[in-house]
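# Structure for the following, please:
(one chain, ligands or ions: 1)
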Amino acid sequence: MNALTIEKLQKIYSNGVEALCAVDLRVEEGDFFALLGQNGAGKSTLIGVVSSLVNKTSGKVKVFNHDIDNNAIAAKSCMGLVPQELNFYPFETVLNILVYQAGYYGLPRKIALDRAEKYLHLLGLWHKRNEISRNLSGGMKRRMMIARALMHQPRMLILDEPTAGIDIELRRATYDFLLELNRNGTTILLTTHYLEEAELLCRNVAIIDKGVILEHTSMKSLLKQLPHEHVVLDLQSAATVENLPQLEHVKLELIDSLTLDVTFDKKMTLNSVFDALSQHGINARSMRNKTNRLEELFLTRISQHAQAR
Ligand code: ADP
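Got it, this is the predicted structure:
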């Protein structure tokens, strides 16, 4: 079954901006799905429509087969939303915010307290349960919002830029939490412009730009389309710009005398690049992958699409 089915979704804001142009999108039940796009691409608008916070202009949206127009309550009960903006009462305690949320869904207080305890532990916030929410750090506030969105145990969790404002260490813990939640059956849809985030977490992905879906595919096949490979080599001995060789299909750039940035066409194998460098007296001590592969692809796609339009 599809967790989310979107057909020909259009949103034109009152100022005339067409934020979504006939968007088609499907997210299967159990998927971990990324909606990737730069600022202003239309991600929040799409999520806003799905969660009934934004009125669509036209098109159809179904959540676990419940049409959001005809069956809004059933659709809403299937999803939990973590919006970008902080939208909780700042003078309430963390525990009460979760328990009140459960109340909106008619859950008995005992169950609400048990669930709040479970999610606060899992998200590393139990020790903050009696803290006024305003006093939490930015990262804690966001994780509290994740806990809040899970109180009615939705089948699909929707996160708008989930780790914005969360520091690196907590980001890793948040990723682990989300991966475990997904392994246990919750469908997850997230928006992000952290391309690494999508690569680390998601199985399937759609790229959106100016309200148009440019790509809707598996993360694996998206990565395969990358035109180039990037590696960074730590060199055995110092090199200078002058002694870098000219190699076909390979671009070399010294970061410093012992660190070489290598971009090569996918036609080449890593070994053939190493051999060619070695013939010119350049040998690597170790190698790192560069992390911006997805970003490169993303930008390539956007420019291809802009040329086609
Ligand atoms: P993203 O979440 O990808 O950053 P948004 O969905 O927020 O993108 O915005 C998509 C486009 O719609 C942008 O051009 C933005 O300026 C415009 N937009 C968003 N919200 C509104 C609004 N309430 N009124 C008018 N235009 C809006």
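# Can you show me the strands along the stretch 51-200 of the chain?
58-63, 66-67, 79-82, 156-160, 187-192 (DSSP state E, counting those that start in this stretch).
# Which one, of those, ends up nearest to residue 8?
Across these, residue 8 has its closest neighbour in strand 58-63 (4.4 Å, Cβ to Cβ). In short, each C-beta sits where N, CA and C put it, glycine included.
# partners of the residue nearest the centre of the chain in the sheet?
Central residue of the chain (Cα atoms, centre = their mean): residue 192, 3.7 Å from the mean position. Taking DSSP bridges as the rule, residue 192 bridges to residue 36.
# ok, now how distant is it from the ligand?
From residue 192 across to the ligand, the span is 10 Å (Cβ to the nearest ligand atom, to the nearest Å).
# One more: residue 110?
Relative to the ligand, and taking Cβ to the nearest ligand atom, residue 110 is found at 38 Å.
# Could you report the neighbour count for that residue?
8 (other Cβ atoms under 10 Å).
# now residue 119, nearest residue through space, not along the chain?
residue 147 (3.9 Å; Cβ to Cβ, 6 or more residues apart in numbering).
# burial measure for the closest residue to residue 111 other than its chain neighbours, as a count.
Once flanking residues are discounted, residue 111 sits nearest to residue 102: 7.1 Å by Cβ to Cβ, 6+ apart. For residue 102, the neighbour count with other Cβ under 10 Å is 21.
# check contacts around residue 102.
By Cβ atoms under 8 Å, 6 or more residues apart in numbering, the residues touching residue 102 are 109, 111, 112, 115, 116, 151, 152.
# Excluding chain neighbours, give the residue nearest to the third one in space.
Using Cβ to Cβ, 6+ apart and skipping the chain neighbours, the partner closest in space to residue 112 is residue 102 (3.5 Å).
# Against residue 205, how distant is the one you found?
32 Å (Cβ to Cβ, to the nearest Å).
# in terms of contact, does the residue nearest to residue 119 touch residue 124 like I think?
No - look at residue 147 against residue 124 with Cβ atoms under 8 Å: they stay out of range, at 10.2 Å.
# So those two - more neighbours on which side?
For residue 147 versus residue 124, neighbours defined as other Cβ under 10 Å are more numerous around residue 147 (24 against 15).
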